[in-house]
Structures are given as structure tokens and as C-alpha cells.
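Peer 1: predicted coordinates and the sequence they were generated for:
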Amino acid sequence: MTKHTPPFSPEVRERAVRMVREHQGEHSSPWAAMQSIAAKIGCSGETLRNWVRQAERDRGVRAGPSTDERERIKALVREVRELRQANEILRKASAYFAMAELDRRSRS
């Protein structure tokens, strides 16, 4: 599995979010500020809106999981998937060896 590299560095994201907060008063709405700044840094307004909302979650201003919590959830989901796969392998191996033992006993 290849690792996805985001096209914008964390520094660019932080700067864009900061610019939205600083220049909101100069625009008719928060969305207008986001679109203006997004055009300047080369991303879509929706992308910048997502960055702003996640930054608000990280600061505790908006409800929802913070970036650290989201990373932890992803790691736990990955771990659960791996453990389920391991359990399935063990279950099949156990059934295989149980059948082999029954075959061995019936031939004796």
C-alpha cells in the first residue's frame, strides 16, 4: 500500500487557516473569505473550508474529533481489521488440524 502525500504542507494549511480568521471581516461572509484565500493559494474553497473546520475542532471551538483523535481512530480500525484477519486464519487452521486429527484416528 502506498502512502498518500498531501499536495499542501501543514505549514501552508496553517497559514491559510490563519489568513481566513484574520481576513473574515473584510469579506461579506466566511465562505467569501475562504474562496478568496483558496484562489490565492491554489486550492478549492471546499478544501480550505475543511481545513478551517478541522482547525476549529483541534482548538475545541467545534464539536468533533480532533486530528490526534482521528489518527488514533484510524490506527484502531486498522488494528481491529488485522486482528480479525488473524482470528480468521487461526479459525481455519484449527478446523484443518481438527479434521486431520479425525482422519488420523479413523485410520488407526
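Peer 2: Arrived safely.
Peer 1: and residue 3, how many neighbours does it have?
Peer 2: Using other Cβ atoms under 10 Å, residue 3 has 4 neighbouring residues. Placement of C-beta: from N, CA and C, glycine included.
Peer 1: all the helices of this structure, in order from the start?
Peer 2: In the chain, the helices defined using DSSP state H lie at 10-23, 30-41, 45-59, 67-107.
Peer 1: any chance of these in CSV, with mean pLDDT too?
Peer 2: Shown next, in CSV, are the helices of the chain (pLDDT from 0 to 100):
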stretch, mean pLDDT
helix 10-23, 94
helix 30-41, 94
helix 45-59, 95
helix 67-107, 93
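Peer 1: what's near enough to touch the spatially closest residue to residue 27 that is not a sequence neighbour?
Peer 2: The shortest distance from residue 27 to any non-neighbouring residue, by Cβ to Cβ, 6 or more residues apart in numbering, is to residue 33 (4.0 Å). Residues near residue 33 by Cβ atoms under 8 Å, 6 or more residues apart in numbering: 20, 23-24, 26-27.
Peer 1: from residue 19, how far out is residue 33?
Peer 2: 8 Å (Cβ to Cβ, to the nearest Å).
Peer 1: can you check residue 10 too?
Peer 2: 15 Å.
Peer 1: higher neighbour count, those two?
Peer 2: Per other Cβ under 10 Å, whichever of residue 10 and residue 19 has more neighbours is residue 19, with 18 against 9.
Peer 1: excluding its backbone neighbours, what's nearest the more buried one?
Peer 2: residue 37 (5.0 Å).
Peer 1: specify the residue ranges that define each domain of this protein.
Peer 2: 7-64, 66-108 (automatic domain parsing).
Peer 1: and among the ones you listed, the most buried is which?
Peer 2: Ranked by mean neighbour count under mean count of other Cβ atoms under 10 Å, these are led by domain 7-64, which reaches a mean of 15.
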